[in-house]
Structure formats: C-alpha cells, structure tokens
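Visitor: what follows is a predicted structure for the sequence shown.
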Amino acid sequence: MNKGVKRLLIVALLLAANIGIAKAWVISVTGTVGAGHDYNGTFFAGSYTADLAGQAFTLTTSVDTDAYANQTTNIDYASRYDYNIPFSVALTLNGITKTYDVAAADSAYGSSYLQIDQTLFGGAWDQAYQYVGTYSSGFYAQQQVASNVHAFGLDVDFNQVWSYLTQPGDTFNAFFNDGDGVYLATSPGYYGGTITSISLNQSTDVPEPVSIALVCLSLGGLAVIRRRRKN
C-alpha cells in the first residue's frame with residue numbers, strides 16, 4: 001500500500017469516527033384518535049374513510065431547537081420559538097407511517113416548551129409541548145402532555161431522553177393536519193380520544209449530510225487509487 005492510499009484511508013477512518021451528529025428535539029406521542037378523517041385514502045387505501053375516531057396513532061415531530069432565535073431558560077421552564085425553521089413530522093395510522101419534511105422556505109414556524117413547577121396550584125405542574133406548522137399549506141402538528149397532579153421527572157433540557165405513561169388527572173392533546181385530507185384531533189373534553197405515552201429523544205442522533213459526504217469522498221478517492229494501481 002503506497003503513501004497516498006494510506007493517507008486517504010486514515011482520513012476516511014478519522015471522519016467515520018468523528019462523523020457530525022445533528023441534534024434534534026424529537027417528541028412523540030401514542031394514543032387513539034378522538035375525531036378525524038382521511039379523505040384521500042392516505043392511510044386507508046381504496047376506501048373513503050371520513051372517520052378516524054378510535055384509531056391508534058403515533059405522532060412524532062423533530063426540530064433543531066438550538067436553531068431557534070428566541071430562547072428562554074430558567075430553573076422552571078425552557079422555551080424555544082422561531083419562524084422559518086425546518087422540521088419533520090411522522091404520523092403512523094393503520095400500520096402505515098408517513099413522513100413530512102418541511103423546509104424553512106415553506107414559511108415554517110414552531111414552538112417548543114418544557115415546564116417544571118412543583119409549587120404551582122399546590123402540586124406538580126409539568127409540561128412538554130411542541131407545535132410546528134406552515135403558513136403556506138395549512139400543515140401543522142401539535143403534541144402536549146401536562147399535569148398539576150403528577151410530577152413527570154422532566155428536566156428543563158431539550159436534549160434529555162425521557163418517557164412517560166399518562167395517568168388519570170393529566171391533561172393532553174394532539175392535533176395533526178396535512179392540509180391535504182388528513183386531520184386528527186385528540187383532546188379529552190373536546191374531541192375525545194386518549195394519549196397513552198409521550199417520549200423525548202428516544203432516537204436523536206442523525207449523521208449530518210456534510211459529514212457523510214466527506215466520508216464517501218474519501219472512500220471514493222481510495223477506490224480510484226486502488227483501481228489505478230491494478231491497471
């Protein structure tokens with residue numbers, strides 16, 4: 001193996017070992033739909049399904065909270081909100097998962113919120129909240145679980161890994177609208193439905209595209225040199 005090959009191999013290995021990781025706040029809820037419809041058969045192909053009530057669902061949103069310009073954090077809460085921030089939403093219904101990636105150019109906006117307060121209302125008041133949407137297409141997604149009865153064990157840290165099973169007395173809701181025929185709402189007291197669990201950052205490490213490209217470039221260069229040596 002000549003020196004050029006060795007150098008490229010070393011670079012590729014170093015890049016692979018130190019590949020950039022994109023950190024996003026991933027919040028996911030599971031439950032049953034209170035009210036909703038799927039007019040175009042996105043999740044129920046071949047049938048006109050106007051009523052999604054009672055269907056099990058999982059709704060997940062992912063956004064880089066560090067990219068938000070408006071940030072506030074103190075001992076009790078952490079808040080992030082901004083405009084023109086890209087985000088990703090995944091909805092699972094009927095065993096089918098659809099992912100919606102929204103670019104900043106689509107007039108995207110979002111709000112993320114964590115709250116911990118052991119004194120409000122004489123008990124625990126914990127909350128995890130995420131709202132993302134667009135002005136251009138009417139697309140939006142929201143998840144919220146809150147309680148002034150049960151402490152969630154949250155931190156005011158958008159990077160924490162956390163999960164929680166809802167209990168009687170908790171407040172929760174979830175909304176989704178793809179702007180193209182799929183709509184669901186879960187909110188006891190208004191639409192019905194349930195949220196059984198919520199989680200944060202169960203899987204957050206995603207290789208950054210630039211880092212992947214650098215690794216591929218180095219490995220590609222190594223392959224070219226090896227091919228030339230054979231010829």
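Guide: Sure, I can see it.
Visitor: okay, CA-based contacts and neighbour counts for the rest of this
Guide: Fine.
Visitor: after the host helix or strand of Tyr109, which helix or strand is next?
Guide: Per DSSP states H and E, Tyr109 falls inside strand 108-117. Per DSSP H and E, the first helix or strand lying C-terminal to strand 108-117 is strand 125-134.
Visitor: partner strands of that following strand, with direction?
Guide: strand 108-117 (antiparallel), strand 140-147 (antiparallel) (DSSP bridges).
Visitor: including mean pLDDT, mean neighbour count and distance to Asn94, could these go into JSON lines?
Guide: Shown next, in JSON lines, are these (pLDDT from 0 to 100; neighbours: other CA atoms under 10 Å; distance: least, CA to CA, whole Å):
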{"stretch": "strand 108-117", "mean pLDDT": "92", "mean neighbour count": "22", "distance to Asn94": "27"}
{"stretch": "strand 140-147", "mean pLDDT": "94", "mean neighbour count": "23", "distance to Asn94": "18"}
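Visitor: quick one: low-confidence parts of this protein?
Guide: Applying pLDDT under 70 to the chain flags residues 1-22, 46-50, 118-124, 203-231.
Visitor: where exactly do the helices run in it?
Guide: 3-17, 209-230 (DSSP state H).
Visitor: gap between Leu93 and Gln143?
Guide: 16 Å (CA to CA, to the nearest Å).
Visitor: isn't Thr30 up against Thr58?
Guide: Yes: here Thr30 lies in contact with Thr58, judged by CA atoms under 8 Å, at a distance of 4.4 Å.
Visitor: what sits up against stretch 157-170?
Guide: Stretch 157-170 is contacted by residues 23-25, 65, 78, 114, 145-150, 152, 154, 195-202 when judged by CA atoms under 8 Å, 6 or more residues apart in numbering.
Visitor: name the residues of that stretch that are buried.
Guide: Residues of stretch 157-170 classed as buried by neighbour count (16 or more other CA atoms under 10 Å): Phe158, Val161, Ser163, Thr166, Asp170.
Visitor: what's the spacing between it and its chain's center?
Guide: With CA atoms, centre = their mean, to the nearest Å as the basis, stretch 157-170 stands 15 Å off its chain's centre.
Visitor: first to last residue in it, what's the distance?
Guide: Stretch 157-170: ends 21 Å apart by CA to CA.
Visitor: next one: stretch 51-67
Guide: 37 Å.
Visitor: cool, and stretch 81-99?
Guide: Taking CA to CA as the measure, stretch 81-99 stretches 22 Å from start to finish.
Visitor: now do it: everything it contacts.
Guide: Counting by CA under 8 Å, 6+ apart, residues outside stretch 81-99 touching it are 43-44, 55-65, 67-71, 100-112, 132, 141.
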